[in-house]
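Student: need a structure here:
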Amino acid sequence: MDNNKKLALIVGVLIVLIFVFAFSIMPKSTVRTDLEPFAKCISESGARFYGTFWCPHCQNQKKMFGSAKSLLPYTECSTSDGKGQLQVCTDSKVESYPTWEFKDGSRQTGEISLEVLAEKTNCTLPEVK
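Tutor: Numbering: from 1, shown residues only. This next block holds a predicted model:
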C-alpha cells in the first residue's frame, strides 16, 4: 500500500471517529413522550396558552410537550396572514407571545419550563425516565 493510500485511510478513520465522538456528546432530545396526562391536567386547571403560528418561542413551548401539544389549552392569536391579532386575544389583553394565563389570574410570558407549569397549575409532572 503506498503512502497516499495509507494517509487517505488514516484520514478517513479519523473523520469517522470525530463524527462518532461529536454525536455522542451532543445533547439528547428534550422532547418528552409521556406528557399526555400532564397536558390534560394543565387544560383542566383553567390555564390558557396564547401564541401565534409564526412565534418561534411558541413553537418551542409546544415542542416541550411532544405529541401531547394538541392537548394544551392553546389559543391562536394571529390572523392567517400573520399581520394582525385575533379579537379573542385582544379582548384578553395579550401583548406578547407566548403568554400563559393561570386560573388565579396571574400571567407569565415567554417560554416556561415544565416544572414552572406544574407549579402554577398544581399538575404532576411525570418523572424523567
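
Student: part of a strand, is Ser67?
Tutor: No - assignment of Ser67 by DSSP: H, G, I helix; E, B strand; the rest coil gives helix, placing it outside any strand.

Student: pLDDT weak spots in the protein?
Tutor: 1, 8-9, 11-33, 129 (pLDDT under 70).

Student: Could you pull out the strands in it for me?
Tutor: 48-51, 74-76, 99-101, 107-109 (DSSP state E).

Student: In space, what's closest to Asp96 - neighbours in sequence excluded?
Tutor: For the record, residue 96 is Ser, not Asp. Spatially, and ignoring its direct neighbours in sequence, Ser96 is nearest to Thr109 (4.9 Å; C-beta to C-beta, 6 or more residues apart in numbering). The C-beta positions use only the backbone N, C-alpha and C, and glycine is treated the same way.

Student: neighbours of the one you found, just the number please.
Tutor: 15 (other C-beta atoms under 10 Å).

Student: Contacts only, for it.
Tutor: Shown in contact with Thr109 (C-beta atoms under 8 Å, 6 or more residues apart in numbering): 96-100.

Student: cool, and Cys55?
Tutor: Contact partners of Cys55, counting by C-beta under 8 Å, 6+ apart, are 97-98.

Student: how about 6 Å then?
Tutor: The contact partners of Cys55, taken as C-beta atoms under 6 Å, 6 or more residues apart in numbering, are Tyr97.

Student: roughly how far apart are it and Glu76?
Tutor: 10 Å (C-beta to C-beta, to the nearest Å).

Student: Need the winner for burial among the strands of the chain.
Tutor: Highest mean neighbour count of those: strand 48-51, a mean of 24 (counted as mean count of other C-beta atoms under 10 Å).

Student: re earlier: would you format the contacts of Thr109 as TSV with distance to Ile10 included?
Tutor: Listed next are the contacts of Thr109 as TSV, based on distance: C-beta to C-beta, whole Å:
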residue	distance to Ile10
Ser96	54
Tyr97	52
Pro98	51
Thr99	56
Trp100	55
